[in-house]
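A.B. asks: Let's see this in three dimensions:
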Amino acid sequence: MVEDSYVSRKRSLSVVVDYDRKMYLFGGWLINNEYTNDMFILDTINLSWSSLNATVPMVNYGATLLPNKNIIYIGMVMSFTCTDKWSIKKTSGPSIPSKRYGLSVVLGLDGKQVIIFGGKENTIIDPKKSLYNLNINTFEWSIPNVSGGISKSRYYHKAHVIGKYMVISFGMGYNKSIESDILLLDINNNNEYKWTSIFDPSTPPSPSSPFLPSLRPSTNPKTLSRITPAAMAGAIIGTLFDVILLSFGTYFLYKWNKNNQNKKHITRTILIPHSYSNC
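C.D. replies: Next up is the predicted model:
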């Protein structure tokens with residue numbers, strides 16, 4: 001089993017798992033409310049920890065793994081120091097999101113952009129300014145065209161890509177008595193995203209989406225289901241994935257992966273801060 005005494009107890013961080021089944025835990029708040037810039041890496045195959053220092057402390061950020069094996073972090077930067085260990089990318093564009101925290105980040109279906117949703121400033125983000133695309137080749141921001149109504153923004157939520165949907169779940173900043181805990185954003189068409197209450201598991205992502213797994217078609221391809229706890233069980237499970245990995249999943253990952261070691265990859269990290277400094 002893993003010796004968890006190697007890692008200090010933290011909160012307000014995100015977990016990213018790479019292609020080699022290595023789990024990256026970056027930054028976060030310590031229990032004494034100090035923020036950190038350390039990176040702990042758990043090899044879930046060999047059940048061993050390693051660590052390195054990052055360039056900036058971050059908390060309440062969003063993170064996702066990119067096709068080039070980089071990890072991109074977007075969100076609340078506590079300070080900014082230039083080093084040669086991390087790549088700091090300066091972003092641009094006609095529509096740059098405001099400084100925010102508690103947001104979510106997912107990789108788009110085409111593998112060429114990341115999508116951020118929600119977060120919080122001093123107040124809750126305006127719904128019209130809650131959704132942005134970041135081109136990971138040019139590092140330019142844009143606001144996507146969205147139909148189907150505007151969902152109220154939220155923060156401290158989770159987001160995962162399931163099939164052709166960005167599935168946003170739980171969080172804060174919305175009325176739980178009248179609003180759904182689960183939001184569905186159809187991201188299959190880059191020219192126009194669509195908010196929907198219909199989850200169609202029979203429709204996989206477009207063929208130009210090689211970076212993300214699609215859901216297996218249902219027995220009846222005409223079957224559509226509105227959002228219900230049963231229909232969205234997969235989304236909820238995905239939302240809890242981070243917690244499960246941190247709390248209970250390490251041993252089972254080891255048992256499942258010990259005979260499936262593939263070619264090793266190198267994972268680098270890109271930070272996308274919302275404030276900049278000249279180096």
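
A.B. asks: Give me the domain ranges for this protein.
C.D. replies: With domains defined by automatic domain parsing, the chain comprises 1-88+243-279, 99-239.

A.B. asks: Confidence-wise, which of these is weakest overall?
C.D. replies: Least confidently modelled of the domains of the chain is domain 1-88+243-279, at a mean of 70 by mean pLDDT.

A.B. asks: where exactly do the helices run in the stretch 1-150 of the chain?
C.D. replies: Assigned helices in the stretch 1-150 of the chain: none (criterion: DSSP state H, counting those that start in this stretch).

A.B. asks: so where do the strands sit in it?
C.D. replies: In the stretch 1-150 of the chain, the segments counted as strands under DSSP state E, counting those that start in this stretch are 10-11, 15-17, 22-26, 29-30, 38-43, 48-53, 58-65, 70-77, 87-88, 104-107, 113-117, 131-135, 141-142, 146-147.

A.B. asks: Let me have those strands in TSV, adding mean neighbour count and distance to residue 125 as columns.
C.D. replies: No exception for glycine: its C-beta is placed from N, CA and C like everyone else's. Putting the strands of the stretch 1-150 of the chain into TSV (neighbours: other C-beta atoms under 10 Å; distance: least, C-beta to C-beta, whole Å) gives the following:
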stretch	mean neighbour count	distance to residue 125
strand 10-11	16	22
strand 15-17	17	23
strand 22-26	21	23
strand 29-30	15	22
strand 38-43	19	28
strand 48-53	12	31
strand 58-65	23	13
strand 70-77	23	13
strand 87-88	16	24
strand 104-107	22	12
strand 113-117	22	9
strand 131-135	21	9
strand 141-142	16	15
strand 146-147	16	14
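
A.B. asks: Mind checking those for the one nearest to residue 157?
C.D. replies: Residue 157 sits nearest to strand 104-107 of all the strands of the stretch 1-150 of the chain, at 5.9 Å, using C-beta to C-beta.

A.B. asks: measure the closest residue to residue 131 other than its chain neighbours to residue 10 for me?
C.D. replies: Excluding its sequence neighbours, the residue lying closest to residue 131 (C-beta to C-beta, 6 or more residues apart in numbering) is residue 117, at 5.4 Å. Distance, residue 117 to residue 10, by C-beta to C-beta, to the nearest Å: 24 Å.

A.B. asks: With residue 44 instead?
C.D. replies: 18 Å.

A.B. asks: For residue 155, which residues are in contact?
C.D. replies: Counting by C-beta atoms under 8 Å, 6 or more residues apart in numbering, residue 155 touches 100-103, 118-120, 124-125, 171-173.

A.B. asks: do you know how far it is from residue 142?
C.D. replies: For residue 155, the distance to residue 142 - C-beta to C-beta - is 22 Å.

A.B. asks: ok, now residue 149?
C.D. replies: Here the criterion is C-beta to C-beta. By it, residue 149 lies 20 Å from residue 142.

A.B. asks: tell me the phi and psi of residue 157?
C.D. replies: phi -100, psi -180 (degrees, to the nearest 10).

A.B. asks: Check the one 4 residues further on too.
C.D. replies: According to degrees, to the nearest 10, the main-chain angles of residue 161 amount to phi -100, psi 120.

A.B. asks: What's the local residue count around it?
C.D. replies: 23 (other C-beta atoms under 10 Å).

A.B. asks: and it, how far is that from residue 94?
C.D. replies: Distance, residue 161 to residue 94, by C-beta to C-beta: 26 Å.

A.B. asks: so how many other residues sit close to the nearest residue to residue 86 once chain neighbours are set aside?
C.D. replies: The shortest distance from residue 86 to any residue other than its chain neighbours is 4.1 Å, reached at residue 55 (C-beta to C-beta, 6+ apart). Look at residue 55: counted by other C-beta under 10 Å, it has 20 neighbours.

A.B. asks: my guess is residue 55 meets residue 39, correct?
C.D. replies: No - using C-beta atoms under 8 Å, residue 55 makes no contact with residue 39, being 10.1 Å away.

A.B. asks: Check the contact between residue 57 and residue 34; I expect there is one.
C.D. replies: No - using C-beta under 8 Å, residue 57 is not in contact with residue 34, being 9.0 Å away.

A.B. asks: ok, the two, which is more surrounded?
C.D. replies: residue 57 (20 against 11).

A.B. asks: Against residue 38, how distant is residue 50?
C.D. replies: In terms of C-beta to C-beta, residue 50 sits 11 Å off from residue 38.

A.B. asks: Please determine how far residue 17 is located from residue 103.
C.D. replies: Taking C-beta to C-beta, one finds residue 17 at 20 Å from residue 103.
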